[in-house]
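Colleague: everything below, folded, please.
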Amino acid sequence: MTKAIAPRSRKVRVLATLGPASNTPEMIATLFQAGADAFRVNMSHGDQASKIAVIKAIRSLEKQFGRPTTILADLQGPKLRVGKFAGGRTELTTGSRFVLDRDNTPGDATRVELPHREIFAAIEPGARLLLDDGKLVLRVTDHGPDRIETRVEVGGALSDNKGLNVPDVVVPMAALTEKDRSDLAFAIEQGVDWIALSFVQRPEDLAEARKLIGGKAALLAKIEKPAAIERLEELVEMCDGVMVARGDLGVELPPESVPPLQKRIVETSRRLGRPVVVATQMLESMIKSPSPTRAEVSDVATAIYDGADAIMLSAESAAGDWPVESVTMMNAIGDAVERDPMHGDRIHFTVTRPDPTTADALSEAAKQIARTVSAVAIICFTTSGSTARRIARERPSVPILVLTPKLETARRLGLLWGTHAVHTRDVESFEEMVAKAKRTALRQGIAKAGDRVVVMAGVPFRTPGSTNVIHVVGIVGDELKNYKGDAANA
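Modeller: Modelled structure (predicted):
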């Protein structure tokens, strides 16, 4: 039996990562009710078989709560690691000489294997090598085809297979490993809505992933490498969405550079009309504590004030002790920030000038009309979701009710700011469009008798990319009197 869940009162979306603490059907439903708008399935952990039940449980929410669900599959990407040490570990002394080579003999305090030949070809003298999430720092002094000589700038304990970051050069490695290709094919087969690509450095990385996706999911680029920052606009233009992956950014760049970069990535994504997710360590202390620090709350609030489309929980909801409380807190912060009278002014610090198209002009006009006539919502009819993205780019002060005949489109919109998507049959005429817009707004609790709404659509109907109509509609008290049902409504 469907138990309808009211549209969120906030416009920023909450993306919750699922894992050992939250991957049962009961917990997933609880997180959805607590405020999760979309779910991240991390392909770095567990096998593909274990993900099938999780994806099925997320999809089951659609019948349970009468709303499309959103699933993001996050690919692992290449993992650069050093080899093994005799005894499993060693100690690197600051100022000492240390060599990385192609010899698989167990290492010691003077050398270790580096099994990634691409790094030997790309590295340059003066470049940094960061070990174990940046805890140890090496500076390259010389290199050859099978040997990199370094000086230890920050020493410490180093054990088998610790991670390696190369922040100062573009490593000529594809963003997709064989594991990623297999996981991507699996995720597409399971019908996920978004594919998140790690280790993005160049536009070519996105082109390869998009070709493999074949239009069956939206592509989200994780910005986590300094090389990606240098070509940010190109990358944003080539993807469907962006993630500010602050974890690796904070390893490969000085911590103090991450906040301005976050603002730059959010601003660029908004300006180019791509949904943007801010991620990593947002409520980190809630992995073990039922309440966050004040600094964490401020961090989440800053992302919302900047106009991010979504804020993400990682280990807090996947493996922490308080997954429900973490989602509830994200939901509460979003509500509190958006109730701030200054919120509307702050999210418009980013100027999003419309492109010279009819759809962009109407989207900008819809925001202004809604404010002028005190409309309670903007309602758009869309097949591809493009109209919804254009309206959301304007960050209107009212909710965006999206009606679409494509379930795939409704699902993908779960990461888009301010939208509430409804899967419904397409309309055949202007009169049917107006009637359906009013009916749906009433049924979803977005409008009531006496309210006004702004409706956008394209004529002729059933023609993607034809948005050319804007209409102000008043809702009267008996709109539902003769309603006989719409079997296609989700």
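
Colleague: so where's this structure shaky on pLDDT?
Modeller: Applying pLDDT under 70 to the chain picks out residues 1-5, 462-466, 477-490.

Colleague: residue closest to the middle of this structure?
Modeller: Taking CA atoms, centre = their mean, the centroid of the chain lies closest to V277, which sits 4.0 Å from it.

Colleague: for the strand or helix carrying it, buried residues please.
Modeller: Applying DSSP states H and E as the criterion places V277 in strand 276-279. Neighbour counts using 16 or more other CB atoms under 10 Å place V276, V277, V278, A279 of strand 276-279 among the buried residues. All C-beta spots, glycine's among them, are computed from the backbone N, C-alpha and C.

Colleague: now do stretch 96-108
Modeller: F98, V99, L100, D101, P106, G107.

Colleague: just the C-alphas of it, formatted as PDB.
Modeller: The C-alpha trace of stretch 96-108 is given here as PDB (Å, rounded to 0.1, in the frame of the first residue of the first chain):
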ATOM      1  CA  SER A  96      66.700  11.000   4.300                       C
ATOM      2  CA  ARG A  97      66.900   9.600   0.800                       C
ATOM      3  CA  PHE A  98      64.100   7.200  -0.400                       C
ATOM      4  CA  VAL A  99      63.700   5.400  -3.700                       C
ATOM      5  CA  LEU A 100      60.600   4.100  -5.500                       C
ATOM      6  CA  ASP A 101      61.400   1.500  -8.100                       C
ATOM      7  CA  ARG A 102      59.900  -1.400 -10.200                       C
ATOM      8  CA  ASP A 103      61.600  -4.100  -8.100                       C
ATOM      9  CA  ASN A 104      59.000  -6.200  -6.200                       C
ATOM     10  CA  THR A 105      61.400  -7.200  -3.500                       C
ATOM     11  CA  PRO A 106      60.000  -6.200  -0.100                       C
ATOM     12  CA  GLY A 107      61.100  -2.700   0.800                       C
ATOM     13  CA  ASP A 108      62.900  -1.100   3.700                       C
END
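
Colleague: what's in contact with that stretch?
Modeller: 82-86, 90, 92, 109-115, 117, 120, 129, 138, 141, 146-152, 155 (CB atoms under 8 Å, 6 or more residues apart in numbering).

Colleague: keep only those of those that are in helices.
Modeller: R117, F120 (DSSP state H).

Colleague: put the buried members of the contacts of stretch 96-108 into a ChimeraX selection.
Modeller: Here is the ChimeraX command that picks out the buried ones among these, judged by 16+ other CB under 10 Å:
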select :82,83,84,85,90,92,109,111,112,113,114,120,129,138,148,149,150,152,155
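
Colleague: restricted to strands, list the contacts of stretch 96-108.
Modeller: 90, 92, 111-113, 129, 138, 141, 147-152 (DSSP state E).

Colleague: what is the nearest of these to P405?
Modeller: Closest approach to P405 among these (CB to CB): L129, at 52.5 Å.

Colleague: contacting residues for the closest residue to that closest one other than its chain neighbours?
Modeller: Distance criterion CB to CB, 6 or more residues apart in numbering; nearest residue to L129, sequence neighbours excluded, is L138 at 4.2 Å. Residues in contact with L138 (CB under 8 Å, 6+ apart) are F98, R128, L129, L130, L131, T150, R151, V152, E153.

Colleague: got the domain boundaries for this protein?
Modeller: 13-77+175-340, 86-165, 358-474 (automatic domain parsing).

Colleague: of all those domains, which one is nearest T350?
Modeller: Comparing the domains of the chain under CB to CB, the one sitting nearest is domain 13-77+175-340, at 4.9 Å.

Colleague: now do that closest one: distance to the chain's middle.
Modeller: 4 Å (CA atoms, centre = their mean, to the nearest Å).

Colleague: and what of stretch 117-133?
Modeller: 29 Å.

Colleague: now do that stretch: everything it contacts.
Modeller: With contact meaning CB under 8 Å, 6+ apart, stretch 117-133 is reached by 80, 82, 100, 102, 114, 136-148, 150, 153, 156, 158, 162-173, 251-252.

Colleague: alpha carbons of that stretch, as CSV, please.
Modeller: What follows is stretch 117-133 as a C-alpha-only set of coordinates in CSV (Å, rounded to 0.1, in the frame of the first residue of the first chain):
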residue,chain,number,x,y,z
ARG,A,117,54.7,2.6,-14.6
GLU,A,118,52.7,5.6,-15.7
ILE,A,119,54.1,7.6,-12.8
PHE,A,120,57.7,7.0,-13.8
ALA,A,121,56.9,8.5,-17.2
ALA,A,122,55.1,11.5,-15.9
ILE,A,123,57.1,12.5,-12.8
GLU,A,124,59.4,15.5,-12.8
PRO,A,125,62.1,16.7,-10.4
GLY,A,126,60.6,18.9,-7.7
ALA,A,127,57.2,17.2,-7.8
ARG,A,128,55.7,16.0,-4.5
LEU,A,129,54.7,12.4,-3.7
LEU,A,130,52.2,12.1,-0.8
LEU,A,131,51.9,8.9,1.1
ASP,A,132,49.2,7.6,3.4
ASP,A,133,46.6,10.4,2.8
